[in-house]
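Novice: okay, sequence plus prediction incoming.
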Amino acid sequence: MCPGQRPQNAFILARFPGEGAGSNWAAIADCLPRFGQYTEPLYQRPRRKRALPSFENLGHLKRLYPYFVRYRIYLIAAVVGMLAARFMEALVPLMLATAIDSLVEGQGPPNLLWPAVGIAGVVVARFFIFIFARRLLRRIAIATAYDLRKRIFSCVLRQGPAFYGEFDTGDVMSRASGDINSIRGVVSFAFMTLLTFVFTLATGLIFMFALSPELALACLIPTPIVAIVGARMSRRLFPLVRDQREAMADVTSFVQENFNGIRTVQAMAQEGREVARFGQISTRYASLNYRSTKYRAMMNLIIPFFTSLSPLIIFSYGGFLVLEGELTVGIFTAFFAYMAMVTGQIGQIGGILAQFSSSAASAQRVFDIIDRDPEIADRGRDDVPARIEGKVEFKDFSYRYPDAPEDAISDISIEISPGETIAFIGRVGSGKSTILKALARLIDPPPGSVMIDGFDVADYSLKQLRSQVAFIPQDAFLFSDSIRDNITYDDPTREDAPVWDAAEAAQLADSIREFPQELETMVGERGITLSGGQKQRATLSRGLIREACVLAMDDCFAAVDTRTEERILSGLKSLRQGKTTFLISHRVSTARHADRVFVIEAGRIVEQGTHQELLDRGGFYSNLAHVQSNQEKDRARKLELLSMLDIEVPEAGNEVVDK
Amino acid sequence: MNVVTRSPKKSRYSAFDADLTGKALNYRMFVRLLGWIKPYWLPMLVSIVFIVIAAVISVMIPIVTGRVVIDTIMLPRPELGHLPDYGMVDLTEGIASGLDVHLLWAATGVWLGLTLGSAVARYIHRLTLSSAVLRALRDLRNDLFERLEDKPASFYDHVSVGRVMTRVTNDVSNLFELLSSVGNLAGEFVPFFLALFLMWNISPDLTLIVLLILPLVGGAVTIFRRLMSDTFRRVRNSVSNLNQYMQESLIGMEVVQLSGREERNEARFGELNKTNRRLQYKATNYETVFGAFNNSLGNLVIACIIYVGGGLVVEQTITLGSVVLFTQLIGMMINPVVMLSEQFNTLFRSMASGERIFQALDWQERVKEPDDPVMLPETVRGEIEFRHVNFGYYDDEEILHDVSVKVEAGRKLAIVGATGSGKSTMIRLLARFYDFDDGMIFLDGIDVNRIRTRDLRARVGVVLQDFHIFSGTVLDNITLNNPSISDAQAKQAARRVHAHLFIEQLPDGYDTYLSERGQNLSQGQRQLLAFARVLAADPEILVLDEATANIDTATELIIQEALHVLMSGRTSIVIAHRLATIQDCDHILVLHHGVVQEYGTHEELMARGGIYYTLHELQFQDSRAVEELLGALAGEQRPSDADDDGA
C-alpha cells in the first residue's frame, strides 16, 4: 500500500489497535520509501500559489518606507539605543579581564571591587537602554501593522465583483493577519538586527584588535566560512519547511472533509478505508516533519565544526601567547567572549536574510490589495436632484463580467415610470440579477446605459444612490449581532416603530415576538440560529425599512413559503404605492404581482407584457405558469382537508422536530 | 433482548465542546502518553542516553579551559590540586606525553574533541527523539481519527465538526510541541544539575551565591507571568475580534456596501484595531522588560562571582581557573530557568490539548455491535421489516410510535410525510445511524442488531439529501476509492444514471477535480452523481431521501429516469417528494407525527379517499407544495419555511 496505489484490504480490516499498539501504523510507514524522505502528496489538490520567498523580491520591502518614515526620529533613537546597548555588552568581558589579570600573582593588590561595580553598572544602564530601544522599535512595528490593517480594511470596503472574484475571504484574511504579522516581524526584529549587525561585528573586532592584534587577525580567518555555510544551509531549509506545512494542510483538509461528510462515509461503510487513507496522510506529514527536523539537526551539527575554528585558534595560538607572556590570562578569556559576539552575529545572518525574503513576499501580497483602486468610482455630479423620483431607464444595456467569455446581458432597453412594479423572470444564470445590480452600482454599467430620473447612475454619489435605491440581495446574510442591528444596519439610530413596521411587512414580526429578547436577540454564531426563511425575511426587513423610492428585490422569496410570500407581496402593494419596485423570481406566483413582466433568457428579453398578456401568448411564461399553478389550485379543498385532519389527528400541534 | 440506553442529553455533549484548560501538571496524562511511545522505546532510550552524554560533555568543556589550561598550563597551582577536574588534567597530560606534544596542544585537542563530541551527541539525541515522538504522535493521531470515525450519528449531531477537527489537528500538534519542549528542557536541566554538582565540589561558598540568584529569578518569572498572562489573553481576544469582524464584513460585503455602511464599519474596525494596538503596546512593555531582565541576569551574577570568587582566590581557597570556570557555567544555570519560564504557556496549553485528546479517545459512544454477529450470505433477498418500532432520540421523547411495515424483497416503498413526521428517522434507523432496541427491524428475517454495522451498510445503499463531495476527481467521488470498483464499472454506473452526459462535458471528464463544496456542480448534477455512487456500490437495498431542491425541468426528467434505473431490481425505501417517484413505488406509507396514518398501494389509498387521495388530487409535483401542505396539516404551528428535513 504505497503511494500511488490504492489501499489494500488488509488495512481496511485492521481494526482498533489497542491503546499504544503502534505496530499497525508502523506498518504503513514501512511502505514509504523511508521515514524522513520526500514523497509525492497522496492526493493532488489545486494549491493556492504563494510567492516563493527569494532574495529577488526584497524590493517590495521598499514599499513599507512611507509607513515608518514618519517615525524616523523614534527610529533613529531606537538605533542609537541599540548600538549603545551593544557597546555596553562589549565592555563586560573587558572588565572581567581586568579583574582576572589583577588576581594573577605578583601583580600587586587585586582589583576586584571596581570591575564588579563596573559590570553591575553597565548591566543596569544597559537594562534601561535596552528596554527603551526595543520598546520603541516594537511600538513602531505595531503601529505599522495597525496602519497596514487599516488600509487593507478601508480598501476592501470599496471593492466590487472583480476583486471578490479574484480574492476569496480566506485569502484576504490570510493577507490581513499572517502576512501583516510577518511584516511586523521584519520591522521589529530583523531590521534592527541587520542594522546593529555591522556595528556589533565592528565593536567586537575593535576590542579584539585593541587587546591583541595578532590574535584578532588569526581569529578572523575562519569567519567567512561560517557566514557562507550558515547562509547556504538556512536557505536550503525553506523548501523543506514548506513541504512540511503543505503536508499538514493536507492532514487538516482531509480531516475536515471527512468529518463534514461523516454520514456519507458511514452510510457507504467507508470508515476502514478512510482510516487507512488518513494513516497514509498523517504518516506523510510525520515523515516530512522528520525530514525538516533532520535537516535542522544537521545544521546544528555542521555549523559548530566551523564556528569552533576561531575558539580553537584562541585556544592554541592565544594559549602560547599567554605562555610566552605576550598575552594576559584575562585577555585570553575575554577573547572567547568577543569571538562569541562575532560568530553569533554571523551565524544569525542566514536566518535574518530568510526572514527578510519571506516578509518581502508578504509585503507584496499585502500591497496587492492595498494598491487596488476602488472598483466602483464615486464621482457624483452636483446637479443631480437630491431626491430620486423613480423613473428608471435601461438603454441598450449590455454587460460582461471581467474575464467572462460572453456578455451576461445584452441590449436591454426598458423604460419604467415612477410607481411601476416590474418583474424579471428567468432561469438561474439568465442574467436577471445583473440588470438590477447595475441599478445600485454593484457593477458598473457602461455610461449612459442605466439612467435614473434622466441621469446616469454614475452621476449620483454612491451614498445617495444606495440610500435611495435599495437592493435586497438573493443570499440571506445576517451579521452576528442583534436582530435589531441587522434590520437597522444602514442606520442604527432608528426608533422602534419603523423596525416593527418593516418586520411586519416582511412577516417576521411574529417570529421576533417569540424570540427570547425580541429585537435584542442575538443571531448567528453567538446567538440563536434562524431558519432559512426567517433569515431571508430578516434580510427583506433590512431592505424594506429604508422605504426607498426604488426597491430591487433579487429573488428574495426562495426560502419563504408561497403563502407567506403571497402575504408579503400583497402588503407591499400598498406600502410601495407610487414607488418603483423590481422583483426577480423564478416563480410565476411572484411575477404576477408586477405591472409588467420581462422574461430573460441568456441575457436577452425574450417575452414581455403584463401577467395576463404573457399567459395568453402561450410562450415560456405561460408554460411555467401552467407547471407551477398547482400551488394556487384548490384553496378551498386545502381548507377542507385541514378541518378534516384536525379531527382525525388530535395530537396535532405537538411540535416535533425531526432529527 | 437488551434495551439500549438512549443517546445522552445534549448538556453532556457540551463537555466535549467546553474549553478545557490544563490547570496543573497532569502526570497521568504523561503516563498514558508513554503507551504510545512504547513501540519506539529504542530510539527514545538512545535519545535519553545521548542527551546525558551531551550534558556531561558540555560541563567538561569549561573544565578544560579553567582547570586545565589556566590552572595547570598557564598558572600552575599544584598546591590546589585537590580541586576536582574529573580526570581532564590527567587526560591532557597523558595525551601530551603519549604523543610527545606540548600540553597546550593536547588541551586544544581535548577541547576540540569535547566540542565536536557534544555536537554529535546532540545530533543523535535530536534525531532519535524526533523520530520517536513524531511516530508516536502519528500513531496517536491515527488512533484518535479511527475512534472518531466510529462515533455514531448521535455524536456528530451534537458536537461541532470544528471542535472534532481541532482535536485531530491542532491538539496533536500541541502535544508534539509539549513532548519536544520536554525534550529540550531535559537537554537544559541535565547540564544544570551536573554544573551545580561541579560547582559545589569546587567551592560551596561561591555556589551558594549562584543559588541565591535562582529564587530571585524564579520569583521574578512568576510575577511577570502573572502580569503578562492576563494581557496576553486580552491581546489574543482582541486579535480574534479583529479578525472576526473583518471576516464577517468580507462575507457580507455586498450588504455593507448596499447599506452605505462603509464609513461606519471603518470606524468600528478602527476602534477594534486601536484596542488591539493599545493591548499590543502594553504586552510589548512587559515583554521588553522581561527580556531585558533575562539577558541581564547572567552578567549580574558574573559581577558577584568576580567579587566574591576573587576574594577566595586571594585567600588561596580556589584557583583563578575555577573563577573563570564559574563564569562559564553561569549560562548553564540561568538558561534552563529562563527557558522554563518561556515555555510555561506552551506547557499548559499542550496539557489542555492532551486532556482534550484523551477525552475524545475515552468518549464511550459507539454504535452497538453484536457480540456474536450473524454472517450474511453472499447475496441477501432484501426483505425489510419494521416491527412495532418505537423510537426517540432521548429518553423522554418518541419520534416513532409503533411503526410496522414490511417491504418484500425487490418491492418499493414510498414514505410520505411532513417535516417532523419521523420519516428521516425511519431510514436513519435502517442504516443503523442510531442504536435502538432489539427485535424492531429485520433484514430477511434477521434482526439487524445482530448484523455487524459494516456488513449491514454494505447491503443498504443510502442516498442522503445532501450529497457530500470529497475533494478529488469525479471518478474518486463515484468509487470513493473503493478498490473493488473498477474505473470501467464506475463509468458504467455513471452512464446508467445519465450522469455520463454532464461528466463528459466537464473540462477533464471523469478526471475533473471537484472541490469539497462542489461549487462547480449544480444541484441536479450532484444528485445524479450520488445515484452513480450508489449504483457503483451495487447494494441489494436502496434507501433514498429525495432531494427537495429546485431543479430545472430538463434535469428533473433525467433524475426521474435515473431513479427508475436505480430502484429497479432493488428493495427500495424512498422518502418521496415527487409524484412521479411515488408512482414508481409499490406501496405508500403516510407518516404523521411518527404514526402510520395510511398504508397501501396507490389504488388502495386512492379508493380510501384519505390524506393520500387528497394530496394526489392536488397533484403535487413541486416538493414545496407537499411540504407546505403537510406543514399545514401539522396544525399551522410551524411557519413551514422550505427548510430541508432538518438534515
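Specialist: Yep, it's here. Remember, predicted model here, so these are calculated numbers, not experimental data.
Novice: all helices of the stretch 151-300 of chain A, in order?
Specialist: Counting by DSSP state H, counting those that start in this stretch, one finds helices in the stretch 151-300 of chain A at the ranges A:161-166, A:169-174, A:180-185, A:191-211, A:213-220, A:223-260, A:262-267, A:271-307.
Novice: give me the distance from the longest one to the chain's centre.
Specialist: Spelled out, it's helix A:223-260. 21 Å (CA atoms, centre = their mean, to the nearest Å).
Novice: sorry, back to before: now the helices of the stretch 151-300 of chain A in JSON lines, with mean neighbour count, distance to residue A:348 and mean pLDDT?
Specialist: C-beta here means a position set from N, CA and C on the backbone, and glycine is covered the same way. Listed next are the helices of the stretch 151-300 of chain A as JSON lines, based on neighbours: other CB atoms under 10 Å in any protein chain shown; distance: least, CB to CB, whole Å; pLDDT from 0 to 100:
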{"stretch": "helix A:161-166", "mean neighbour count": "15", "distance to residue A:348": "38", "mean pLDDT": "75"}
{"stretch": "helix A:169-174", "mean neighbour count": "16", "distance to residue A:348": "28", "mean pLDDT": "76"}
{"stretch": "helix A:180-185", "mean neighbour count": "20", "distance to residue A:348": "14", "mean pLDDT": "83"}
{"stretch": "helix A:191-211", "mean neighbour count": "18", "distance to residue A:348": "7", "mean pLDDT": "82"}
{"stretch": "helix A:213-220", "mean neighbour count": "17", "distance to residue A:348": "18", "mean pLDDT": "86"}
{"stretch": "helix A:223-260", "mean neighbour count": "18", "distance to residue A:348": "8", "mean pLDDT": "80"}
{"stretch": "helix A:262-267", "mean neighbour count": "22", "distance to residue A:348": "48", "mean pLDDT": "78"}
{"stretch": "helix A:271-307", "mean neighbour count": "21", "distance to residue A:348": "11", "mean pLDDT": "86"}
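Novice: dump these into CSV; add distance to chain B as well.
Specialist: Putting the helices of the stretch 151-300 of chain A into CSV (distance: least, CB to the nearest CB, whole Å) gives the following:
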stretch, distance to chain B
helix A:161-166, 7
helix A:169-174, 5
helix A:180-185, 9
helix A:191-211, 13
helix A:213-220, 13
helix A:223-260, 5
helix A:262-267, 4
helix A:271-307, 4
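Novice: relative to residue B:134, how far out is the nearest residue to residue A:236 once chain neighbours are set aside?
Specialist: Taking CB to CB, 6 or more residues apart in numbering or on different chains, and ignoring the residues beside it in sequence, residue A:236 has residue A:295 as its nearest neighbour in space, at 7.4 Å. According to CB to CB, to the nearest Å, residue A:295 and residue B:134 sit 14 Å apart.
Novice: skipping adjacent residues, who's closest to the residue most central in space within chain A in space?
Specialist: Per CA atoms, centre = their mean, the C-alpha nearest to the average position across chain A is that of residue A:173, at 1.2 Å. Closest residue to residue A:173 apart from its sequence neighbours, by CB to CB, 6+ apart: residue B:247 at 5.7 Å.
Novice: would you confirm that that neighbour contacts residue A:174?
Specialist: No: the criterion here is CB atoms under 8 Å, and residue B:247 misses it with residue A:174 at 10.9 Å.
Novice: for chain B, which residues score under the pLDDT cut-off?
Specialist: By pLDDT under 70, the low-scoring segments of chain B are B:1-26, B:345, B:395, B:418-420, B:466, B:515-520, B:547-557, B:578-579, B:615-647.
Novice: quickly find the element holding the closest residue to residue B:202 other than its chain neighbours.
Specialist: Spatial nearest neighbour of residue B:202, excluding adjacent residues (CB to CB, 6+ apart): residue B:322 at 5.0 Å. Using DSSP states H and E, residue B:322 sits within helix B:320-362.
Novice: again, but for residue B:413
Specialist: Going by DSSP H and E, residue B:413 is in strand B:412-417.
Novice: over to residue A:415?
Specialist: strand A:409-416.
Novice: downstream of that strand, the next helix or strand is which one?
Specialist: That would be, after strand A:409-416 and using DSSP H and E, strand A:421-426.
Novice: residue A:173 is in contact with residue B:246, isn't it?
Specialist: Yes: counting by CB under 8 Å, residue B:246 is a contact partner of residue A:173 at 6.7 Å.
Novice: and whichever residue of the stretch 351-500 of chain A sits closest to chain B, how many neighbours?
Specialist: Nearest residue of the stretch 351-500 of chain A to chain B (CB to the nearest CB) works out as residue A:490 at 3.7 Å. Neighbour count of residue A:490, defined by other CB atoms under 10 Å in any protein chain shown: 20.
Novice: that one - nearest residue in space that isn't next to it in sequence?
Specialist: residue B:259 (3.7 Å).
Novice: ok, now which ones touch that neighbour?
Specialist: Contacts for residue B:259 (CB atoms under 8 Å, 6 or more residues apart in numbering or on different chains) come out as A:466, A:489, A:490, A:542.
Novice: now do the strands in chain B.
Specialist: Applying DSSP state E to chain B gives strands spanning B:384-391, B:400-407, B:412-417, B:441-443, B:446-447, B:460-463, B:472-473, B:513-514, B:541-545, B:571-575, B:587-592, B:595-600.
Novice: so how far is stretch A:489-502 from its chain's centroid?
Specialist: The answer for stretch A:489-502 is 32 Å, by CA atoms, centre = their mean.
Novice: pull the residues that contact it.
Specialist: So stretch A:489-502 is contacted by A:467, A:479, A:484-485, A:487-488, A:509, A:519, A:541-542, A:544-546, B:255, B:259-261, B:264 (CB under 8 Å, 6+ apart).
Novice: now do 7 Å
Specialist: With CB atoms under 7 Å, 6 or more residues apart in numbering or on different chains as the test, stretch A:489-502 has contacts from A:484-485, A:487-488, A:509, A:519, A:541-542, A:544-546, B:255, B:259-261.
Novice: from the residues you listed, which is closest to residue A:442?
Specialist: Using CB to CB, residue B:255 comes nearest to residue A:442 of those, at 10.8 Å.
Novice: the closest one touches residue A:477, doesn't it?
Specialist: Yes: here residue B:255 reaches residue A:477: they are 5.6 Å apart, a contact under CB atoms under 7 Å.
Novice: which bits of the stretch 101-250 of chain B sit near chain A?
Specialist: B:104-105, B:108, B:111-112, B:115-116, B:119-120, B:122-123, B:126-127, B:130-131, B:134-136, B:138-139, B:141-143, B:145-146, B:149-150, B:153, B:156-157, B:161, B:164-165, B:168-169, B:243, B:246-248, B:250 (CB under 7 Å from any CB of the partner chain).
Novice: out of those residues, which end up buried?
Specialist: B:104-105, B:108, B:111-112, B:115, B:119-120, B:122-123, B:126-127, B:130-131, B:134-136, B:138-139, B:141-143, B:145-146, B:149-150, B:153, B:156-157, B:164-165, B:168-169, B:246-248, B:250 (16 or more other CB atoms under 10 Å in any protein chain shown).
Novice: for the spatially most central residue of chain B, what are its contacts?
Specialist: Centroid-nearest residue in chain B: residue B:168, 1.9 Å away (criterion: CA atoms, centre = their mean). For residue B:168, the contact set (CB under 7 Å, 6+ apart) comprises A:255, B:141, B:144, B:145, B:148.
Novice: need these in TSV (columns: distance to residue A:590).
Specialist: Output for the contacts of residue B:168, formatted as TSV (distance: CB to CB, whole Å):
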residue	distance to residue A:590
A:255	43
B:141	52
B:144	50
B:145	48
B:148	45
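Novice: re earlier: just the ones of the residues of the stretch 101-250 of chain B next to chain A in helices?
Specialist: Among those, the members falling in helices are B:104-105, B:108, B:111-112, B:115-116, B:119-120, B:122-123, B:126-127, B:130-131, B:134-136, B:138-139, B:141-143, B:145-146, B:149, B:153, B:156-157, B:161, B:164-165, B:243, B:246-248, B:250 (criterion: DSSP state H).
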